[in-house]
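Engineer: generate coordinates for the sequence data below:
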Amino acid sequence: MIIGDDSPLRHLPSVLNPRQILLLDGIRYSVDMADIAYTRLFNSLTYVSINHNSKEFDFSIFSHAFLDAWSVIDSVNRMRSLLSNLTGYKR
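Structural biologist: Residues are numbered from 1 along each chain as shown. Below is the predicted model:
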């Protein structure tokens, strides 16, 4: 897990305004989703590399891998968009 249970992003202070809370929650969820998708992609590709010559090879694993790869891309792009909306954010 990239963002630990003790991270400030999981325990936002109440002094933040609602917009800041929504942005920071969105960033946290984007990171979590990218992390989950990356882990699943890693596991799928490990399965392919180990079992590609097996007679029982499950070819649907490629659809799973593409789904997770695009999920990583989508989550990172969403995070980039949310980060650009934070006040004081410098490129």
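Engineer: tell me who's in contact with the residue nearest the centre of the chain.
Structural biologist: For the chain, the residue lying nearest the average C-alpha position, counting by CA atoms, centre = their mean, turns out to be residue 34 (1.1 Å). Contacts for residue 34 (CB atoms under 8 Å, 6 or more residues apart in numbering) come out as 2, 71, 72, 75, 76, 79. Where you see a C-beta, it was placed from the backbone N, CA and C, and this is true even at glycine.
Engineer: hmm, the fifth one is touching residue 30, no?
Structural biologist: Yes: distance between residue 76 and residue 30: 7.3 Å, which falls inside the contact criterion (CB atoms under 8 Å).
Engineer: quick one: contacts for residue 5?
Structural biologist: Residue 5 touches nothing, counting by CB under 8 Å, 6+ apart.
Engineer: from residue 39, how far off is it?
Structural biologist: Relative to residue 39, residue 5 is positioned 17 Å away (CB to CB, to the nearest Å).
Engineer: for residue 78, which non-adjacent residue is spatially closest?
Structural biologist: residue 30 (4.8 Å; CB to CB, 6 or more residues apart in numbering).
Engineer: tell me the SS of the residue sitting furthest away from the middle of the chain?
Structural biologist: No residue in the chain sits farther from the centre than residue 55, which is 32.9 Å out by CA atoms, centre = their mean. With DSSP: H, G, I helix; E, B strand; the rest coil as the basis, residue 55 sits in coil.
Engineer: how close does it sit to residue 49?
Structural biologist: 17 Å.
Engineer: and the helix or strand harbouring residue 19, what's buried?
Structural biologist: Take DSSP states H and E as the rule and residue 19 turns out to sit in helix 18-51. Judged by neighbour count (16 or more other CB atoms under 10 Å), helix 18-51 contains these buried residues: 23-24, 26-34, 36-38, 40-41, 44-45, 47.
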